[in-house]
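[1] Have a look; sequence and predicted model below, questions after that.
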Amino acid sequence: MKRFLVSSNRVVFCVALLSASLLIGCSRSSRPAPMFGAAMPLGSGSVMVTIQNNDFKDATIYATWSGGMRQRVGLSVGKSSQTFNLEWRSDIVQFEADFMAGRRFTFGSINVYEGDHLQLVIMNQG
């Protein structure tokens with residue numbers, strides 16, 4: 001009888017361990033992390049961009065994602081700050097400010113992941 005109790009305790013322990021393993025395994029994200037510049041499918045996430053325009057001129061902001069996808073972000077009004085929501089498309093993005101006066105300013109490339117909140121500052125061009 002004692003041997004039966006020891007063996008049933010082992011069974012209960014194994015079932016509990018297996019259940020815990022399954023719960024931990026199922027709790028992981030179903031989407032793989034991006035690797036080596038691979039783009040995630042559209043609609044997979046978003047990125048917030050806050051643009052602080054310290055110049056007097058308004059500027060149209062564009063985002064160019066790795067792979068050549070160019071997207072209009074919005075209009076950044078002079079001497080103000082706006083926040084925009086973008087669909088995340090890849091892990092590298094480059095922003096461009098096209099001023100109403102005709103000049104363009106290109107920011108350097110930025111590593112970005114879905115859910116990030118980027119802050120860009122446009123300095124006063126004088």
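    Happy to help now that I have it.
[2] which stretches of this protein form strands?
    Secondary structure of the chain (DSSP state E): strands at 46-53, 59-65, 69-76, 80-87, 92-99, 104-106, 110-111, 117-122.
[3] Make TSV out of those strands and add mean neighbour count and mean pLDDT.
    C-beta here means a position set from N, CA and C on the backbone, and glycine is covered the same way. Output for those, formatted as TSV (neighbours: other Cβ atoms under 10 Å; pLDDT from 0 to 100):
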stretch	mean neighbour count	mean pLDDT
strand 46-53	18	96
strand 59-65	19	97
strand 69-76	15	96
strand 80-87	14	96
strand 92-99	18	96
strand 104-106	12	92
strand 110-111	12	94
strand 117-122	14	95
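[4] Can you measure across stretch 114-126, start residue to end residue?
    Taking Cα to Cα, to the nearest Å as the measure, stretch 114-126 stretches 35 Å from start to finish.
[5] Name the residues that touch it?
    Contacts with stretch 114-126, where a contact means Cβ atoms under 8 Å, 6 or more residues apart in numbering, come from 40, 44-57, 59, 61, 76, 88, 95, 97, 99, 103, 105, 107, 110, 112.
[6] ditto for stretch 68-85
    46-65, 86-87, 89-90, 95, 97, 122.
[7] what's the first-to-last distance across that stretch?
    Terminal-residue distance, stretch 68-85 (Cα to Cα): 19 Å.
[8] Relative to residue 108, how far out is the nearest residue to residue 48 once chain neighbours are set aside?
    Among residues not flanking residue 48 along the chain, residue 117 sits closest, at 4.4 Å (Cβ to Cβ, 6 or more residues apart in numbering). According to Cβ to Cβ, to the nearest Å, residue 117 and residue 108 sit 18 Å apart.
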